[in-house]
Structure formats: structure tokens, C-alpha cells
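Colleague: No letters, just coordinates:
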């Protein structure tokens, strides 16, 4: 029986059809449909489209990271415990997870533009409502809707990349997107910290609303359709579910999806806990926290660029992912030893150094996990993107409240969640993706 992974890999190398939709003029002469997406060769992303896709993938860090420095302030202003306020992060993540599961198949059926514009519109309204929420319960509800709508940008950006690129080109483009979208986690906490100098946490959501309006306008005027009508699926929910079931039946796809999802959980444990760890435990100001957060994001971006410019095409992507995952495990283990006091009381500097290593390693784990999974599928890119995003955000949403179970005065839960998530990711990667087998996964040009 032929190897399933090899056969799927062979199919992934087949040129993408470049069918162009046809229409007829008044005389009945057939011609190209001006509203249809152009052939693949003409659909390579220009600089503006690349920047737009980067802006769409920056939606999660903008919605999360600009708000992070104000979390302690929200606990005081709304008279809510830290664990409850962290649910505002969980709700947003949960919304992004469920929203992707819906929007992804919709984009396979109706094209990329219409679902994207509808989602961005709702995102703007929900973000504005967050700015005026009078209680933490209403804030959690608004954040849920914000996540549901914001999911459109995340899932459709990935699907557009799959429409435009294949193979190693897709892996390189994901690294390019990391450079662009990586600016958001660098500047977002810095902006959030500065906003808190002149206003309160509500002002953060006012700024986020303005960013959403600007992004919606740019998408409306500048982002073309990338999925030709001939490549769209006419089926309903049943066909979408069957497509997802077929994707999940491919063990390497599911393995990369789960490994990437649990790696994301380690990242989000840092996102959810670091405001309290850095500010409440180590006494840093919101501005100092924002600076450290930005430095960590710079590490992630630089390693991501090294991945795209140097590693992709020279090393097998699955093995690069595995090495990055081992670095995450080592950094999380070091954090656990420091936070439990095994080697005495650790100061802010060694803890910040371990977090920098952990975040930097995400530059080779997250983009490669997405690329490796999407290389396993050609049809139903929206559904595949939805599965990747939904699994990551659902797992991350579970990790968020766990880091606060012991209160806001210990960093041990953060380190425990990070280490456990990374170890589970490694187990899925080794057990389902078979990195020792050259024919099992998608390899780089140098393998």
C-alpha cells in the first residue's frame, strides 16, 4: 500500500490550476470576468497586499497586547479579582477560535472578501462597546464578540496566503508575515503603556476601535479577491464538515495542528500571566513591562526572519520545528526552576532572559507548524486554516485561566503551564508527524 503522507506530498507539488472565470459580452463572445480573481501567476502578493495581510494577522496581538499593561488597572477599576479579569483574555481567544471555525468554510464558499469585510465591521462595533463596558461581566461578553468577529482577519489571511503560494514559497511568506505582524506585539504594549499615562484602560479600546476602522477601509479599497469562482465550494455545512473530517484523517496534518496549538498555549500562558508576574511580583512599572514585552517580540521577529531567509529551503522544516520546540521546553524548565526557588530567589533579569529565549523560539515553531500543516492540503484552504486557528485559540483559551489559579503573586503556574504545553506539543509532533521519516512530512529543499 503506498505511503499516504508521500502521496499527499506528491499532490502538494502539483501546479495549482489557473482557471479564469468567463463571461460573455452583448454579442455573445466569451471573455474574462472582470470580477473574478486572476490566475495564480498574476496573484502573487504585492507590497500593499502583503502589508494588509500582515495587518490582518496582527489583529490578535493588537487586541491582546495593547490591553495587557492595563490588566492590573482593570482589576481595581471594576473591583474584580485577577482570575476574573484574565477571563477577558480567555473570552477573546475563545471567540477567535470559534469564529475561525465558521468564517473559514464561509470563505471557501463565498470568496475571501465578503466574509472578511463583514467580520471587520462587527469587530469595530464590539471593540467600541468594550470601551464603555461598566462591569467585568459585560467586558467579558464584549471581548467574546470582539474575538468572534476578529477571527475573520486571522483565518482569511492564512487562506489568502494558501491561495497565492505553495511549498517553500508559502513557508517564506509566513516568515515575512511574522516580520510585519510582529511589529504589533512590539509596539502595542508600548502604546498601551503610554495611553495609560494620559487616560485609563478604556482609552486603549478607543485606540483599538480607530485601528479597526482604518484596517476595514484599507481592506475595502485595496485587497482584491484571491479565490477564483471556479475554485469555490458550493456545498453547505455538511460539505464543510466532510472537508474538515478529511483533513483530520491525515495524521501529519493533525499532528502539526495539535503540536502548533500546544506551542501557542505556551506562548499565551506568557501573554496572560506576564503583566502580573512582571508588575505585581517584580514591581515593574507598566512602561517597563511594555519595554520587556517589546524586546521579547523583537526576538521572535528576528528568529522568524532567520527562519524564512536562511533555514527555509536549506533544512527540513519539520526538524527545524522540532529543534525550536526543544528550546521552548528548555526555557520553560528553567523558568520553573527559578520560580520555585530551587536555586534561590531569582530576580527579574534571569526570569526576563528565560522568557526572551522562550519567545524567540516561537519564531521557528509557529510559522513552520502552520506551513507544514497547510502544505498537506490544496483544496479547502479556508477550512484547513480554520482548523489550525481554532485548535490554537481553544487550547490557548484553556491555558489562560490556569496561569491565575494560584493568584497574582506567584509565577509558578505560568511556568508549569508552559512546560506542560510544550511537552504535549512534542508528544504530538513525534507521535503523529514522524519527523524521522523523510517521506512522512513535507521537507525543505535541503533534505
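Modeller: Perfect, I can see it now. These numbers come from a predicted model, not from an experiment. Numbers count the residues shown, from 1 in each chain.
Colleague: following the helix or strand containing residue 188, which helix or strand shows up next?
Modeller: Secondary structure assignment for residue 188, by DSSP states H and E: helix 183-198. Once the chain leaves helix 183-198, the next helix or strand it forms, by DSSP H and E, is helix 201-222.
Colleague: what comes into contact with that next one?
Modeller: 48-49, 52, 55-56, 59, 62-63, 66-67, 70, 73-74, 77, 113, 116-117, 120-121, 123-124, 127-128, 130-132, 153, 191-192, 195-196 (C-beta atoms under 8 Å, 6 or more residues apart in numbering). C-betas here are computed from N, CA, C, even on glycine.
Colleague: List buried residues within those.
Modeller: For the contacts of helix 201-222, a neighbour count by 16 or more other C-beta atoms under 10 Å gives the buried set as 49, 52, 55-56, 59, 62-63, 66-67, 70, 74, 113, 116, 120-121, 123-124, 127-128, 130-131, 153, 191-192, 195-196.
Colleague: Could you list which of those residues belong to helices?
Modeller: 49, 52, 55-56, 59, 62-63, 74, 113, 116, 120-121, 123-124, 127-128, 130, 153, 191-192, 195-196 (DSSP state H).
Colleague: tell me which residues in stretch 189-203 are buried?
Modeller: 189-193, 195-196, 201-202.
Colleague: So what's the gap between that stretch and the chain middle?
Modeller: Mean-position distance between stretch 189-203 and its chain equals 24 Å (C-alpha atoms, centre = their mean, to the nearest Å).
Colleague: before we move on, what about stretch 341-355?
Modeller: Counting by C-alpha atoms, centre = their mean, stretch 341-355 is centred 28 Å from the centre of its parent chain.
Colleague: List the buried residues in that stretch.
Modeller: So for stretch 341-355, counting by 16+ other C-beta under 10 Å, buried means 346, 351-352, 354-355.
Colleague: so can I have CSV of those residues showing pLDDT, secondary structure and distance to residue 149?
Modeller: Output for the buried residues of stretch 341-355, formatted as CSV (pLDDT from 0 to 100; DSSP: H, G, I helix; E, B strand; the rest coil; distance: C-beta to C-beta, whole Å):
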residue, pLDDT, secondary structure, distance to residue 149
346, 72, coil, 41
351, 88, helix, 35
352, 89, helix, 34
354, 92, helix, 35
355, 92, helix, 31
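Colleague: Tell me the one of those nearest residue 85?
Modeller: Nearest to residue 85, judged by C-beta to C-beta, of these is residue 355 at 21.0 Å.
Colleague: OK, contacts around the closest one?
Modeller: Under the criterion of C-beta under 8 Å, 6+ apart, the neighbours of residue 355 are 270, 274, 292, 296, 331, 335.
Colleague: ranges for the strands of this structure?
Modeller: 22-24, 30-32 (DSSP state E).
Colleague: And for the closest residue to residue 385 other than its chain neighbours, the neighbour number?
Modeller: Leaving aside its sequence neighbours, residue 385 sits nearest to residue 158 (C-beta to C-beta, 6 or more residues apart in numbering; 4.0 Å). If you count neighbours by other C-beta atoms under 10 Å, residue 158 ends up with 29.
Colleague: Could you check how far residue 158 is from residue 215?
Modeller: Distance of residue 158 to residue 215, given as C-beta to C-beta, to the nearest Å: 16 Å.
Colleague: One more: residue 402?
Modeller: Counting by C-beta to C-beta, the gap from residue 402 to residue 215 is 32 Å.
Colleague: do residue 247 as well
Modeller: 29 Å.
Colleague: re the thing from before, just flag the most distant two among the contacts of residue 355.
Modeller: Once C-beta to C-beta is applied, the contacts of residue 355 give 292 and 331 as the farthest pair, at 15.0 Å.
Colleague: Please identify which of these two sits among more neighbours.
Modeller: Ranked by neighbour count (other C-beta under 10 Å), residue 292 and residue 331 place residue 331 first, with 24 against 20.
Colleague: Now for that one: which residues touch it?
Modeller: Applying C-beta under 8 Å, 6+ apart, the residues near residue 331 are 354-355, 357-358, 361.
Colleague: for those, which one is nearest residue 96?
Modeller: residue 358 (22.0 Å).
Colleague: Closest one of the contacts of residue 355 to residue 321?
Modeller: residue 331 (15.8 Å).
Colleague: which regions of this protein lie under the pLDDT threshold?
Modeller: The chain contains residues with pLDDT under 70 at 1-45, 178-183, 185-186, 234-238, 343-344, 378-380, 404-409, 436-447.
Colleague: Now do the helices in the stretch 301-447 of the chain.
Modeller: With DSSP state H, counting those that start in this stretch, the ranges of helices along the stretch 301-447 of the chain come out as 317-339, 348-374, 381-402, 412-433.
Colleague: tell me the angle the longest one makes with helix 317-339.
Modeller: Okay, so that is helix 348-374. 150 degrees (axes from the mean of the first three to the mean of the last three C-alpha atoms, to 10 degrees).
Colleague: ok, and for helix 348-374, which residues are buried?
Modeller: Those would be 351-352, 354-374, for helix 348-374 by 16+ other C-beta under 10 Å.
Colleague: returning to what we had before: for the contacts of residue 331, give me JSON lines that also has distance to residue 282.
Modeller: JSON lines is the format used below for those (distance: C-beta to C-beta, whole Å):
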{"residue": "354", "distance to residue 282": "13"}
{"residue": "355", "distance to residue 282": "12"}
{"residue": "357", "distance to residue 282": "18"}
{"residue": "358", "distance to residue 282": "17"}
{"residue": "361", "distance to residue 282": "22"}
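Colleague: Could you report the neighbour count for residue 221?
Modeller: Neighbours of residue 221 using other C-beta under 10 Å come to 7.
Colleague: gap between it and residue 113?
Modeller: From residue 221 to residue 113 the distance is 11 Å (C-beta to C-beta).
Colleague: Then residue 304?
Modeller: Following C-beta to C-beta, the distance that separates residue 304 from residue 113 is 28 Å.
Colleague: same thing with residue 129?
Modeller: Distance from residue 129 to residue 113, by C-beta to C-beta: 25 Å.
Colleague: again, but for residue 231
Modeller: 14 Å.
Colleague: Next, the contact list for residue 382, please.
Modeller: Contacts of residue 382 (C-beta under 8 Å, 6+ apart): 103-108, 112, 155-156, 159.
Colleague: Mind picking the two most distant members of the residues you listed?
Modeller: 105 and 112 (12.3 Å).
Colleague: sorry, back to before: which one of the buried residues of stretch 341-355 is nearest to residue 136?
Modeller: residue 355 (27.3 Å).
Colleague: any chance of the buried residues of stretch 189-203 in CSV, with distance to residue 323 too?
Modeller: Shown next, in CSV, are these (distance: C-beta to C-beta, whole Å):
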residue, distance to residue 323
189, 28
190, 31
191, 34
192, 33
193, 34
195, 38
196, 39
201, 39
202, 43
